[in-house]
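Colleague: could you work out the structure for the sequence below:
(one chain, ligands or ions: 1)
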Amino acid sequence: MRIADLMERFEHIAPMGLALEWDNVGLLVGERDAIVNKVLVSLDFTPNTLSYAIETEADLILTHHPIWFKGIKRLNDPLILELVRHNIALVAYHTNLDTARYGVSHALAQALNFTVEDRLSLETGNRQYMVQVTVPIEQIDQVREAAFAAGGGVVGDFDRCCARLAFLGTFRPLEAANLKTGVRGIENHIRQEKLEMQVSSSALSAVLDAIRKVHPYEQPYITHFPVQDPDPALGLGLVCSMEHKLNLKDLAAYVRDRLGVSQLRLWLGNHAESTVLERIAICGGSGASLIPVAQKKADIFISGDFSYHSLLDSSLPLIDAGHFHTERPVLDYLKKEITAFGLEALVLPDTQHEYLQRSLWI
Ligand SMILES: [Zn+2]
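Modeller: Numbers count the residues shown, from 1 in each chain. Predicted coordinates for the structure are as follows:
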């Protein structure tokens, strides 16, 4: 399979259009037409990741964190040069995997055996557009099908969503008119429908192209404009529940054991350690910026990288299980998806990651 084909399939898993504006996702090193047989999945591109890829003869390294975010002026990093010398490509799926329908936080929820109730934040790099097109009634189905096939009309867990508004269009072709339909000189009446559907920014150009391709008019009347309502299935973090509710202290110990963390921090906020809480917000990685929204939607927030001041300022109880351990579960999810494409996939063993190799928990 070509890297381009793999990435096209990944558009259904982690659409590039979902990445936040400051991020840098996609193919960072390599050729789109190169053939890939074996993929190494890792949170980071590090010397150990590269050595392991060389050792296992992987053609592609898929990381969660990009190696660089901004434009680079010189390509003299020995690690990148070594990667290129070995003809290994590098792809990063970062905030597009965080905000995807099933992404980093879903994998975390699964690892913790939590039930997903809601999105924590609906923030993504994606915008939703409303596309409207008028179509003669005889051609409505072909236009609708083409738009759906190109990714239009998907709202949360529903597809083929659209509104059809029947109306009677009138027109009178004047002498100079280049006539495709109707009779010159008189008012013609034609039964039409206005087709309206929501389209994500990542699918917008494909949907517009598909409509133009099958529309009977040489110049179809199509309008599109951004809408504010975000897709409720996409965004950062999740609000979850668990079947057997635990008090704060037991919940922290449960998270520690499920994620295989040696130590974690439970910040009690305004609560006693014996308090039993219902709604659990989670976010894999660095979730500190989501504390205010977690405060509104949940009773406790589990994430990583909480700073001293974010703890002190929070009346909400917080569990800091670390960046690595809260993102680690997504690697197995990626491996499963890549394997389903018929490729070989392996995850960098935890013992090979510098973060665990070079940290001491004392
Ligand atoms: Zn991260």
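Colleague: could you use CA atoms for every contact and neighbour count after this?
Modeller: Fine.
Colleague: tell me which residue is most central in the chain.
Modeller: residue 100 (2.5 Å; C-alpha atoms, centre = their mean).
Colleague: surely that one is in contact with residue 16?
Modeller: No. If you go by C-alpha atoms under 8 Å, residue 100 and residue 16 don't touch, sitting 9.6 Å apart.
Colleague: pretty sure residue 110 sits in a helix.
Modeller: Yes. Judged by DSSP: H, G, I helix; E, B strand; the rest coil, residue 110 forms part of a helix.
Colleague: ok, it - contacts?
Modeller: If a contact means C-alpha atoms under 8 Å, 6 or more residues apart in numbering, then residue 110 has no contacts.
Colleague: ok, now the one 4 residues further on?
Modeller: For residue 114, the contacting residues are 240, 241, 242, 243, by C-alpha under 8 Å, 6+ apart.
Colleague: quick one: which of those has the most company?
Modeller: Compared across the contacts of residue 114, residue 240 has the highest neighbour count, 22 neighbours, by other C-alpha atoms under 10 Å.
Colleague: pull the contacting residues for residue 4.
Modeller: Residue 4 makes contact with 32, 33 under the criterion C-alpha under 8 Å, 6+ apart.
Colleague: send the alpha carbons of the helix or strand that it is a member of over as PDB?
Modeller: Taking DSSP states H and E as the definition, residue 4 sits inside helix 3-10. These are the backbone C-alpha positions of helix 3-10, laid out as PDB (Å, rounded to 0.1, in the frame of the first residue of the first chain):
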ATOM      1  CA  ILE A   3       1.600   6.000   2.100                       C
ATOM      2  CA  ALA A   4      -1.000   8.200   0.400                       C
ATOM      3  CA  ASP A   5      -3.500   5.300   0.400                       C
ATOM      4  CA  LEU A   6      -2.900   4.700   4.100                       C
ATOM      5  CA  MET A   7      -3.400   8.300   4.900                       C
ATOM      6  CA  GLU A   8      -6.600   8.400   2.800                       C
ATOM      7  CA  ARG A   9      -7.900   5.600   5.000                       C
ATOM      8  CA  PHE A  10      -6.800   7.500   8.100                       C
END
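Colleague: quick one: mean pLDDT for it?
Modeller: Throughout helix 3-10, pLDDT has a mean value of 95.
Colleague: looking at the contacts of residue 114, which are in strands?
Modeller: Among the contacts of residue 114, the members falling in strands are 240, 241 (criterion: DSSP state E).
Colleague: what distance separates the start and the end of stretch 89-103?
Modeller: 22 Å (C-alpha to C-alpha, to the nearest Å).
Colleague: mind listing what's buried in it?
Modeller: Going by neighbour count (16 or more other C-alpha atoms under 10 Å), the buried part of stretch 89-103 is 89-103.
Colleague: and the furthest pair within these?
Modeller: Maximum pairwise distance in the buried residues of stretch 89-103, criterion C-alpha to C-alpha, is 25.8 Å, between 89 and 101.
Colleague: top strand in the protein by residue count?
Modeller: Looking across the chain with DSSP E, the single longest strand is strand 188-200.
Colleague: now for whichever helix or strand comes after it, which elements pack on it?
Modeller: For strand 188-200, the succeeding helix or strand toward the C-terminus, using DSSP H and E, is helix 201-214. The contact analysis (3 or more C-alpha pairs under 8 Å, 6 or more residues apart in numbering; DSSP states H and E) places helix 201-214 against strand 128-136, helix 140-149.
Colleague: if we use 7 Å, what do you get?
Modeller: Helices and strands touching helix 201-214, by 3 or more C-alpha pairs under 7 Å, 6 or more residues apart in numbering; DSSP states H and E, are helix 140-149.
Colleague: which positions in the helix or strand following the helix it packs on come out as buried?
Modeller: Once helix 140-149 ends, the next helix or strand along the chain (criterion: DSSP H and E) is strand 163-171. Within strand 163-171, the residues that qualify as buried are residue 164, counting by 16+ other C-alpha under 10 Å.
Colleague: next one: strand 163-171 to chain centre, how far?
Modeller: Relative to its chain's centre, strand 163-171 lies at 37 Å (C-alpha atoms, centre = their mean, to the nearest Å).
Colleague: can you list the strands that that strand pairs with?
Modeller: If you go by DSSP bridges, strand 163-171 pairs up with strand 188-200 (antiparallel).
Colleague: now the strand it pairs with: buried residues?
Modeller: Neighbour-count burial for strand 188-200 flags 192, 193, 194, 195, 196, 197, 198, 199, 200 (criterion: 16+ other C-alpha under 10 Å).
Colleague: next, count neighbours for residue 108.
Modeller: Neighbourhood size, residue 108 [other C-alpha under 10 Å]: 25.
Colleague: swap that for residue 285, sorry
Modeller: Neighbours around residue 285, by other C-alpha under 10 Å: 24.
Colleague: is it in a helix, a strand, or coil?
Modeller: Assignment for residue 285 (three-state DSSP): strand.
Colleague: residues touching the nearest residue to it once chain neighbours are set aside, list them.
Modeller: Leaving aside its chain neighbours, residue 285 sits nearest to residue 323 (4.3 Å; criterion: C-alpha to C-alpha, 6 or more residues apart in numbering). With contact set as C-alpha atoms under 7 Å, 6 or more residues apart in numbering, residue 323 has these partners: 284, 285, 286, 304, 305.
Colleague: can I get the residues you listed in JSON lines with pLDDT and distance to residue 179?
Modeller: Converted to JSON lines, the contacts of residue 323 look like this (pLDDT from 0 to 100; distance: C-alpha to C-alpha, whole Å):
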{"residue": "284", "pLDDT": "98", "distance to residue 179": "59"}
{"residue": "285", "pLDDT": "97", "distance to residue 179": "60"}
{"residue": "286", "pLDDT": "96", "distance to residue 179": "61"}
{"residue": "304", "pLDDT": "97", "distance to residue 179": "65"}
{"residue": "305", "pLDDT": "97", "distance to residue 179": "66"}
